[in-house]
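Student: show me how the following folds:
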Amino acid sequence: MTRKVVSVPPDATIAELVDRFWAHHFTSFPVVDNGTVHGIASVQQVHQVPQERWAQTRVREVMRPLSDELVIHSGESVFQALGKASRNSLGRLAVLDGSRLIGYVSLKDITHILALRGRPLPQPAV
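Tutor: Numbers count the residues shown, from 1 in each chain. Here you go, the predicted structure:
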């Protein structure tokens, strides 16, 4: 889990979001305003906006609003995180303690933890 989370404000433009993608080499960012996570903005949303509209379109207009599938709470299991991150099409989760953002975790982070613990990954049902 990344504890020093790079986020983007909801009022940022898509052009500013694209600059952050380039600067940090990430594919998504939590959207945070005054300490509250409102959603997640990803490269997929940028592709939905014509480039000539990037300077006028705000992140809040295209972000995925925060939902249970985008969040894992401290104390939940790594297997719960694996399930959510596998299903949400982002492969990432905002980690919350109550309503406070304390981290950002990827599928890669989750599978790395499971490998270190020596636990096999759950097999899909046939």
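
Student: tally of neighbours for Thr57?
Tutor: Close neighbours of Thr57, defined as other CB atoms under 10 Å, add up to 18. No exception for glycine: its C-beta is placed from N, CA and C like everyone else's.

Student: repeat for the one 5 residues further on
Tutor: Each residue near Val62 was counted by other CB under 10 Å, and the total is 19.

Student: ok, now which ones touch it?
Tutor: Going by CB atoms under 8 Å, 6 or more residues apart in numbering, Val62 touches Ile14, Ala41, Gln45, Val46, Gln48, Val49.

Student: give me the distance between it and Leu101.
Tutor: Plainly put, Val62 is 20 Å away from Leu101 if you go by CB to CB, to the nearest Å.

Student: need the helices for the chain, in chain order.
Tutor: Secondary structure of the chain, counting by DSSP state H: helices at 14-24, 43-47, 59-62, 78-87, 107-117.

Student: show me what counts as buried in the first one.
Tutor: Pointing back at helix 14-24 there. For helix 14-24, a neighbour-count test (16 or more other CB atoms under 10 Å) marks Ile14, Leu17, Arg20, Phe21 as buried.

Student: pLDDT at the spatially closest residue to the third one that is not a sequence neighbour, what is it?
Tutor: What that stands for is Arg20. Closest residue in space to Arg20, ignoring its immediate chain neighbours: Val8 at 6.0 Å, by CB to CB, 6 or more residues apart in numbering. If you check Val8, the pLDDT there is 95.

Student: Val8 reaches Ser28, doesn't it?
Tutor: No: Val8 lies out of contact with Ser28 (CB atoms under 8 Å); the separation is 9.5 Å.

Student: show me what the worst-scoring helix or strand of the chain on mean pLDDT is packed against.
Tutor: Lowest on mean pLDDT, DSSP states H and E among the helices and strands of the chain sits helix 107-117, with a mean of 80. Secondary-structure packing of helix 107-117 (3 or more CB pairs under 8 Å, 6 or more residues apart in numbering; DSSP states H and E): helix 78-87.
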